[in-house]
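**Student:** coords below, sequence missing:
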């Protein structure tokens with residue numbers, strides 16, 4: 001059976017059309033868009049650490065990029081069952097900010113104004129949360145896709161966080177920076193390569209290259225989670241005997257990735273490796289009761305993994321108000 005998938009060129013064309021991709025109310029449990037902005041941040045604690053989830057906005061892409069190795073009618077039926085559009089996917093963008101002692105560690109930098117018009121809100125949401133961008137001490141990049149790294153520069157092409165130390169995986173860096181990669185990929189992928197290279201080589205940046213289990217600051221380390229990109233890494237935060245994993249795009253859907261962990265997406269560079277990595281993460285989180293953060297999960301994207309026979313379920317974390 002031939003599976004039709006949109007190319008990255010088609011995705012970029014569609015990007016220019018968002019926000020026309022608003023989902024019909026019927027498939028979203030009758031919830032309409034707000035008439036005023038909702039807060040773009042969410043706070044909690046993990047042991048002695050202060051955690052803030054910051055939104056960079058949202059974007060929509062065709063839902064036929066989901067589960068491309070599964071029968072299309074099965075994927076569409078699954079989405080409809082879960083009150084999701086079978087045609088349009090709606091993705092949030094949830095950034096992790098860890099405050100540990102004097103360190104303020106930010107995971108990924110969003111899209112800036114270089115990707116879609118509905119993203120690029122990280123700095124404004126950070127300021128609304130009372131966080132001064134100039135105080136960020138460490139920036140960790142999970143991978144070099146547009147919505148995770150293209151916001152690394154401001155409108156004057158200067159680093160957005162000029163006093164921070166910048167970190168990226170060695171394998172991820174080496175993949176995007178290999179000689180003449182832009183001419184080795186398909187034409188529709190070339191803008192992604194150029195964007196990654198321009199972001200990594202932005203003037204004023206000095207990178208520390210990471211390997212599996214390398215530590216950023218005490219209690220914050222990275223682990224290899226390849227598949228979505230060749231050198232994708234996730235971030236593990238640990239304090240007071242509690243752990244949180246910021247998954248980046250190692251897991252990108254709060255429903256399909258759990259109920260059908262063997263399904264992969266058209267934007268996963270290596271589908272089989274993506275699935276193997278996902279199963280390892282799901283087993284780890286369920287067995288050790290590790291909290292997770294999904295970058296594209298419904299905001300704020302924090303929750304737990306429940307194992308159910310051969311599948312899993314995402315359990316959103318309980319919001320808590322101040323005492």
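**Tutor:** Yep, it's here. Predicted model only: the values in this text are computed from it and were never measured.
**Student:** pretty sure residue 297 contacts residue 304?
**Tutor:** No. Under the criterion of C-beta atoms under 8 Å, residue 297 makes no contact with residue 304, lying 12.0 Å away. All C-beta atoms are positioned from the backbone trio N, CA, C, and that covers glycine.
**Student:** Number of residues surrounding residue 194?
**Tutor:** 13 (other C-beta atoms under 10 Å).
**Student:** so what's the closest residue to residue 39 other than its chain neighbours up against?
**Tutor:** Once flanking residues are discounted, residue 39 sits nearest to residue 128: 7.2 Å by C-beta to C-beta, 6 or more residues apart in numbering. Taking C-beta atoms under 8 Å, 6 or more residues apart in numbering as the criterion, residue 128 is in contact with 39, 40, 41.
**Student:** Closest one to residue 110 out of those residues, please.
**Tutor:** The closest of the contacts of residue 128 to residue 110 turns out to be residue 40 (C-beta to C-beta; 11.3 Å).
**Student:** which one is residue 297 nearest to, not counting chain neighbours?
**Tutor:** residue 254 (4.2 Å).
**Student:** now the one you found, what's its secondary structure?
**Tutor:** coil (DSSP: H, G, I helix; E, B strand; the rest coil).
**Student:** Phi and psi next, for it.
**Tutor:** Dihedral pair for residue 254: phi -70, psi 0, per degrees, to the nearest 10.
**Student:** Confirm for me that it is in contact with residue 298.
**Tutor:** Yes. Contact criterion C-beta under 8 Å: residue 254 and residue 298 qualify, at 6.1 Å.
**Student:** Looking at those two, which is more packed in?
**Tutor:** Remark: of residue 254 and residue 298, residue 254 carries more neighbours, 20 against 15, as counted by other C-beta under 10 Å.
**Student:** List the buried residues of stretch 267-282.
**Tutor:** Residues of stretch 267-282 classed as buried: 267, 268, 269, 270, 271, 273, 274, 275, 277, 278, 281, 282 (neighbour count, 16 or more other C-beta atoms under 10 Å).
**Student:** can you check stretch 302-322 too?
**Tutor:** Buried residues in stretch 302-322 (16+ other C-beta under 10 Å): 302, 303, 304, 305, 312, 314, 317.
**Student:** Check stretch 123-142 too.
**Tutor:** 123, 125-126, 129, 131, 133, 136-142.
**Student:** Stretch 104-118 now?
**Tutor:** Here stretch 104-118 shows 104-112, 114-116, 118 as buried, counting by 16+ other C-beta under 10 Å.
**Student:** Ok, stretch 92-106 next?
**Tutor:** Buried-residue list, stretch 92-106, by 16+ other C-beta under 10 Å: 92-100, 103-106.
**Student:** Straight-line length of that stretch, end to end?
**Tutor:** 17 Å (C-alpha to C-alpha, to the nearest Å).
**Student:** same question for that stretch, mean pLDDT?
**Tutor:** Confidence for stretch 92-106, expressed as mean pLDDT, is 97.
**Student:** now do stretch 52-68
**Tutor:** Averaged over stretch 52-68, pLDDT sits at 95.
**Student:** Then stretch 182-193?
**Tutor:** 93.
**Student:** can you give me the strands for this structure?
**Tutor:** For the chain, the strands defined by DSSP state E cover 41-46, 49-62, 88-100, 103-107, 138-141, 165-169, 207-210, 215-217, 220-224, 233-239, 242-246, 291-293, 302-308, 311-316.
**Student:** got these as TSV, with distance to residue 185 columns?
**Tutor:** Below are those laid out as TSV (distance: least, C-beta to C-beta, whole Å):
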stretch	distance to residue 185
strand 41-46	36
strand 49-62	20
strand 88-100	23
strand 103-107	26
strand 138-141	20
strand 165-169	19
strand 207-210	22
strand 215-217	30
strand 220-224	23
strand 233-239	21
strand 242-246	27
strand 291-293	30
strand 302-308	34
strand 311-316	33
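**Student:** For residue 35, find the nearest of those strands.
**Tutor:** Smallest distance to residue 35 across the strands of the chain (C-beta to C-beta): 16.8 Å, for strand 49-62.
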